[in-house]
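1. One predicted model, sequence on top.
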Amino acid sequence: MENKETYWSENTRIILICLAIWFVVSFGFGLLLVEPLNAISLGGYKLGFWFAQQGAIYSFLGLIFWYGHKMNQLDIKYDGESK
Amino acid sequence: MNRHLKVAFMVAPFLAVLGYVGADYYNENLAAETKIIQLAAEGHCDIINQSCVLKSGDFKVNVSDEGGVTEINSTFPLDTATLFLVDKHDKATPYPLGMLKSPYYWRNETPLRSLVSNKGDSYKLRLIIKIKGGQYISEFTTQTAK
């Protein structure tokens, strides 16, 4: 029972980290901070514009794999303990 | 692909749509905020001889007068437009312009032509234009060149 609770709290922590990064990348970099980021150029594109157009999508894809990896580790950790 | 990755791939499109809706809502609110932008005359302004263009970035307004009817023609559709004739005591008389056919053309009868009918005559005007998300203002002087 305790194991399940710890597993769930660690799972929740990973989800919250993912959601925080999702918010920072999509709303933060793509909208709220777009003007200061536009002062920086990335491969000829303004960074704020790049984040809104492509960077956010790349970050979301990265987040999906990172989440999968972390949860995999979590499963191994708790399955290992329960065995 | 483990089950967590499958769940993440299923949830991600919903988050993307949520992000899109949120961004759209934010931008719409931002656009609805009133911004005041000044229009400046592009070169010499002579309304009577159909040569007066006010400009701010891509937005241009052409001001002209034909037979006592003062007309403005803009590059973007307008919500409202008011022209003020300002006399030498700085007293402004408003002339709200009415839409003509489309929101790109606005006009009203004004006494401007009689005030600047001779060569060299000049008169101060103000123009206030409202567009969704902004208010364009301008104070300029028309001078009859010929």
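-> Thanks, I have it.
2. max-length helix in the chain?
-> I'll assume chain A. What stands out as the longest helix in chain A, according to DSSP state H, is helix A:56-82.
3. Chain B is the one I meant
-> Assigned via DSSP H, chain B shows its longest helix as helix B:3-32.
4. Quick one: find the helix or strand in chain A with the lowest mean pLDDT.
-> Of the helices and strands making up chain A, the lowest-confidence element is strand A:41-42, at a mean of 83, by mean pLDDT, DSSP states H and E.
5. For that strand, name the packing helices and strands.
-> For strand A:41-42, there is no helix or strand it packs on, judged by 3 or more C-beta pairs under 8 Å, 6 or more residues apart in numbering or on different chains; DSSP states H and E. (Glycine included, C-beta is placed from N, CA and C.)
6. Please name the residues that touch B:S56.
-> B:S56 makes contact with B:37-40, B:136, according to C-beta atoms under 8 Å, 6 or more residues apart in numbering or on different chains.
7. right, I mislabeled it, should have said B:L112
-> Shown in contact with B:L112 (C-beta under 8 Å, 6+ apart): B:47-48, B:65, B:68, B:70, B:85, B:123, B:125, B:142.
8. cutoff 7 Å now
-> Counting by C-beta atoms under 7 Å, 6 or more residues apart in numbering or on different chains, B:L112 touches B:47, B:65, B:70, B:85, B:123.
9. how far away is B:R126 from A:N72?
-> Here B:R126 is placed at a distance of 68 Å from A:N72 (C-beta to C-beta, to the nearest Å).
10. circling back to that earlier point, wait, which of the contacts of B:S56 is closest to B:L5?
-> B:I37 (49.4 Å; C-beta to C-beta).
11. give me the element that closest one is part of.
-> For B:I37, the element it lies in under DSSP states H and E is strand B:36-38.
12. ok, back up a step: now the contacts of B:S56: which count as buried?
-> Neighbour-count burial (16 or more other C-beta atoms under 10 Å in any protein chain shown) is assigned, among the contacts of B:S56, to B:39, B:136.
13. Show me what the spatially most central residue of chain B bridges to in the sheet.
-> By C-alpha atoms, centre = their mean, chain B has its centre lying nearest to B:I129, at 4.5 Å. Counting by DSSP bridges, B:I129 is bridged to B:A81, B:Y136.
14. any idea how far B:N29 is from it?
-> 22 Å.
15. can you check A:C18 too?
-> Counting by C-beta to C-beta - A:C18 and B:N29 are separated by 27 Å.
16. Tell me which of those two has more neighbours.
-> Set A:C18 next to B:N29 and count neighbours by other C-beta atoms under 10 Å in any protein chain shown: A:C18 wins out with 20 against 9.
17. Doesn't that one lie inside a helix?
-> Yes - under DSSP: H, G, I helix; E, B strand; the rest coil, A:C18 sits within a helix.
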